[in-house]
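1. give me coordinates for this.
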Amino acid sequence: MEIPWLTDDNIVKYIAQFFYQIEDTLTDDSSQGQKLLNFLKPNPSIWGVAHNPVNLELICSLWGDIDWSETKTLAMTAWYDKLTEWLCRRYLTKQNIDHGKMKDKAVYTQCHKELQFLETLAFR
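-> Numbering: from 1, shown residues only. Modelled structure (predicted):
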């Protein structure tokens, strides 16, 4: 299976379309797409990762669910950590487990078996 890489223009179009489709679910104003672009472009490591369609979908989804207004730069490890936490919280929501007041460690503890399975799968 091959994952095609996106051009810079495709990324801009995808982000605009993504946030247009979810703008009625956002609590903030509808300029989230532009804010994301303003954040991504000066961060070359994350901008590079955004050229993969799967990663771009995850970046947009994560951006739409987390307040990044105070964040100026973001290391890849911090981005992956936030992404993992966000995915765990989505999983807990689907399992009808209230995670709203859980700290990060509690979320990871709650998803320990699932994360362990995914770590093993990735390693193999």
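2. for this structure, give me the ranges with low pLDDT.
-> 1-3, 25-30, 66-75 (pLDDT under 70).
3. would you map out the domains in it?
-> 1-70, 75-124 (automatic domain parsing).
4. let me have the ones you listed in JSON lines, extended by mean neighbour count.
-> C-beta here means a position set from N, CA and C on the backbone, and glycine is covered the same way. Below are the domains of the chain laid out as JSON lines (neighbours: other Cβ atoms under 10 Å):
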{"stretch": "domain 1-70", "mean neighbour count": "14"}
{"stretch": "domain 75-124", "mean neighbour count": "13"}
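5. where is the longest helix in the protein?
-> Identified as the longest helix of the chain according to DSSP state H is helix 76-94.
6. other residues contacting the following helix or strand past it?
-> Once helix 76-94 ends, the next helix or strand along the chain (criterion: DSSP states H and E) is helix 104-110. Residues from elsewhere that reach helix 104-110 (Cβ atoms under 8 Å, 6 or more residues apart in numbering): 84-85, 88-89, 92, 97, 99, 102, 115.
7. between the one helix or strand Thr120 maps to and helix 76-94, how many degrees?
-> According to DSSP H and E, Thr120 maps onto helix 112-123. For helix 112-123 against helix 76-94, the angle by axes from the mean of the first three to the mean of the last three Cα atoms, to 10 degrees is 130 degrees.
8. now do helix 112-123: which elements does it pack against?
-> helix 76-94 (3 or more Cβ pairs under 8 Å, 6 or more residues apart in numbering; DSSP states H and E).
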